[in-house]
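J.: I'd like to go over a predicted model; first the sequence, then the structure.
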Amino acid sequence: MAAEHAGPLGLLGGTFDPIHFGHLRLAEEAREALGLARVRLLPAGQPPHRGAPRSTAQHRLAMAQLAVAGNPALEVDDGEVRARHKSYTVLTLERLRAELGTQRPLVLILGADAFEGLPSWHRWRELFGLAHIAVANRPGYTAHGQRWPATLPAELDAACRDRHSADPAVLRAAPAGRVVPFDMTPLAISASLIRDLVRSGRSVRYLLPDSVLDYIGLHGLYR
Ligand code: ATP
């Protein structure tokens, strides 16, 4: 099938230190709510906006691969892990455009917290020319309408005002450029919570897939 006819591709970047059910539900609910053909997870090699991850890029990549096993709608991209430079999303999107062509709709999936920080991202205004952005309302952030777009940082608000749509159909109509919010089942799981629990010897079962749990135990991660 030509890439142009394959349907919108969702992209979910993250540190995934470790990957957990919050990430996987985000991918799954975005796919369903937005009519995405597939969702590609992109573990960051060197995340630019935070300190060094606790586990290596190879471990984080391996855990992401274990987490998507058995779900044909999810895939893992190792490009940011292999790259020698920092994991800037704009560079990743340029690489994906070279791989997938200019016409395929790409949908960058962000939690509302990540979206609000967009103006600190490298070359952030260029992101709109490369992909759509889907913003998930995440626990701790009130529902769309009360908080978003009303209280966005002014420059982000200005950049998004004419791009915003509540209708996911706009994502199929163009390869890039629209901003679409969607509601997500609140799951108050974070990788930091999981790391803290493991460090203090407590259970993280049912917060992430068993395969990832086993991997963490096998390699003694986060102790
Ligand atoms: P940490 O606790 O280390 O900051 P994290 O759990 O927030 O990590 P990231 O890898 O930083 O995970 O997140 C990748 C993406 O997944 C971000 O867009 C973030 O908003 C989103 N995300 C993470 N956890 C959840 C969750 N429980 N529900 C919805 N979105 C989530």
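T.: Looks like it came in fine.
J.: the worst-scoring helix or strand of the chain on mean pLDDT: which residues count as buried?
T.: Taking mean pLDDT, DSSP states H and E as the measure, the chain has helix 112-116 as its least confident helix or strand, at a mean of 87. Buried residues in helix 112-116, defined by neighbour count with 16 or more other CB atoms under 10 Å: 112, 114-116. Any C-beta I mention is one placed from the backbone N, CA and C, and that applies to glycine too.
J.: please compute how far it lies from its chain's middle.
T.: Averaging C-alpha coordinates over helix 112-116 and over its chain gives two centres that are 11 Å apart (CA atoms, centre = their mean, to the nearest Å).
J.: can you name the next helix or strand after it?
T.: As assigned by DSSP states H and E, the chain's next helix or strand after helix 112-116 is helix 127-130.
J.: check which residues of the helix or strand that comes right after that next one are buried.
T.: Proceeding C-terminally, helix 127-130 gives way to strand 132-137 as the next helix or strand, assigned by DSSP H and E. For strand 132-137, a neighbour-count test (16+ other CB under 10 Å) marks 132-137 as buried.
J.: can you put the residues you listed in a markdown table and add distance to the ligand and pLDDT?
T.: Putting those into a markdown table (distance: CB to the nearest ligand atom, whole Å; pLDDT from 0 to 100) gives the following:
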| residue | distance to the ligand | pLDDT |
| --- | --- | --- |
| His132 | 15 | 98 |
| Ile133 | 11 | 97 |
| Ala134 | 10 | 97 |
| Val135 | 9 | 94 |
| Ala136 | 6 | 92 |
| Asn137 | 9 | 81 |
